[in-house]
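>>> below is the structure, and that's it, no one-letter string:
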DNA sequence: CCGTATACGTCTACACTGTATACACGTGAG
DNA sequence: CTCACGTGTATACAGTGTAGACGTATACGG
């Protein structure tokens, strides 16, 4: 009935994109919409529900424009994974929220279903499909969240700092891998390689049983 | 120098365990320690640094008591993964924080190094080790965070609710998998199966190149 | 013994936060 | 006309992180 709710959600989204999720307060949002803070509660029961609505709105943008039925299952899966990553790069604040609530909104369920059908088409036994969906989604979201929140470090300065801070010899792995750790990590190609590995994993599960 | 900082960190940890991370406020923490809120700032520069210190303290508990050198690489890796999961089950609030900052604290680096050496021992080419470490850690932390924050749903009620809310036929994957979705998910065995798959993935990367 | 440095803690105050409660105004239906 | 309903407002409360100025207790070098 009311596009007002969507209007509010989009305003919140705009604030988050411009100034970070931390600046999304009921007062700031109200001012942006042009109302009193309490007016928001007519359209949103909680601040939590507001945040839920925001991620819901982003998830809706994840669905491929056309059904994309012409692509093979692995291409559809890769496209979805890339869509998640580009989404969290445009909206870094969203990555953390994806872990916060079960995927019960209609849009989220539709995305899950896309993964289900892709895995079925890949030949994964029905019994294993939900587990593999969670495995893949968990990794993809986790990667996006790590990237967005800085867990992967900020570049080449980081690994050097690591080794220096601990007594020599206590980190055999780090010292052996030193040449590779000093390279500035290219997360684009890394993500690609990770996806390749996951596809192989899916094929292994599919091939082993059917 | 000052065991006082550790004392404060442990008090914060206790509050988080008893009443949830949301109840960890400078005022509540100060009262627990028996001081004025502002006194905490002598030992901790920020609330953010306080939270960082809390996860650091938990990461320290992740290291195996003895070096555990007698176990094979895959057993050491599995043990580490299980340790993360049990840690986030005991401290559900911690899972989200693991995504928040790069692993630069000494304890975190030591954990990363354990994974490095395990992967090297597995025969993974040096060049691929850091990537695989990130892949595995990302999944394990993501799984723990999902479990802790409810992303995996709260049981069997959830999947039924999902399908009911959307028009029939729009979710082919869900309707085909209905029998499996209604089963209460057993996250213990699911995590085990996921680890098995990841081990296979590691062996594949190792075997393909050396 | 004295002066000083350092670590630690207190008090007050500010600018925010989410939201409960009570009230006002429009519009459309019976 | 009246009543309900959807919407927005005004006020208020309890809680948050933390800046700034001020004390005090212990230890150390002359």
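Thanks, I have it. Since the structure is predicted, the reported quantities are computational estimates derived from the model, not experimental observations.
>>> what residues does residue A:60 make contact with?
By C-beta atoms under 8 Å, 6 or more residues apart in numbering or on different chains, the contact set of residue A:60 is residue A:107. From N, CA and C alone the C-beta is placed, and that goes for glycine too.
>>> could you check how far it is from chain B?
According to C-beta to the nearest C-beta, to the nearest Å, residue A:60 and chain B sit 13 Å apart.
>>> likewise residue A:96?
Counting by C-beta to the nearest C-beta, the gap from residue A:96 to chain B is 7 Å.
>>> so that residue is in which element?
helix A:94-98 (DSSP states H and E).
>>> determine the set of other helices and strands touching that helix.
Under the contact criterion of 3 or more C-beta pairs under 8 Å, 6 or more residues apart in numbering or on different chains; DSSP states H and E, helix A:94-98 touches helix A:47-60, helix A:73-90, helix A:129-149.
>>> now render those helices as TSV, adding mean pLDDT.
Output for the helices and strands packed on helix A:94-98, formatted as TSV (pLDDT from 0 to 100):
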stretch	mean pLDDT
helix A:47-60	92
helix A:73-90	96
helix A:129-149	96
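>>> of those, which stretch is the most buried?
helix A:129-149 (a mean of 23; mean count of other C-beta atoms under 10 Å in any protein chain shown).
>>> so, in contact with chain B or not, that one?
Yes. With C-beta under 8 Å from any C-beta of the partner chain as the measure, helix A:129-149 is seen reaching chain B through A:129-131, A:134-135, A:138-139, A:141-143, A:145-146, A:149.
>>> residue contacts, the residue nearest the centre of chain A?
The geometric centre of chain A, computed from its C-alpha atoms, lies nearest to residue A:141 (C-alpha atoms, centre = their mean), at 3.5 Å. By C-beta under 8 Å, 6+ apart, the contact set of residue A:141 is A:84, A:95, A:98-99, B:142.
>>> now do 6 Å
Going by C-beta atoms under 6 Å, 6 or more residues apart in numbering or on different chains, residue A:141 touches residue A:98.
>>> what about residue A:20, neighbour count?
Residue A:20: 11 surrounding residues under other C-beta atoms under 10 Å in any protein chain shown.
>>> rewinding a little: from the residues of helix A:129-149 next to chain B, which single one is nearest residue B:109?
Distance to residue B:109 across the residues of helix A:129-149 next to chain B (C-beta to C-beta) is lowest for residue A:146, with 16.2 Å.
>>> report the separation between that closest one and residue B:50.
According to C-beta to C-beta, to the nearest Å, residue A:146 stands 22 Å off from residue B:50.
>>> also residue A:199?
42 Å.
>>> just residue A:197 next, same as before
Taking C-beta to C-beta, one finds residue A:197 at 37 Å from residue B:50.
>>> can you check residue A:91 too?
Residue A:91 is 27 Å from residue B:50, by C-beta to C-beta.
>>> just for chain A, where's the confidence low?
For chain A, the stretches with pLDDT under 70 are A:1-2, A:65-69, A:154-168, A:183-184, A:208-210.
>>> need the residues of it near DNA strand C, please.
A:23-28, A:37-38, A:41, A:46-48 (C-beta under 7 Å from any atom of the strand).
>>> alright, that wraps it up for me.
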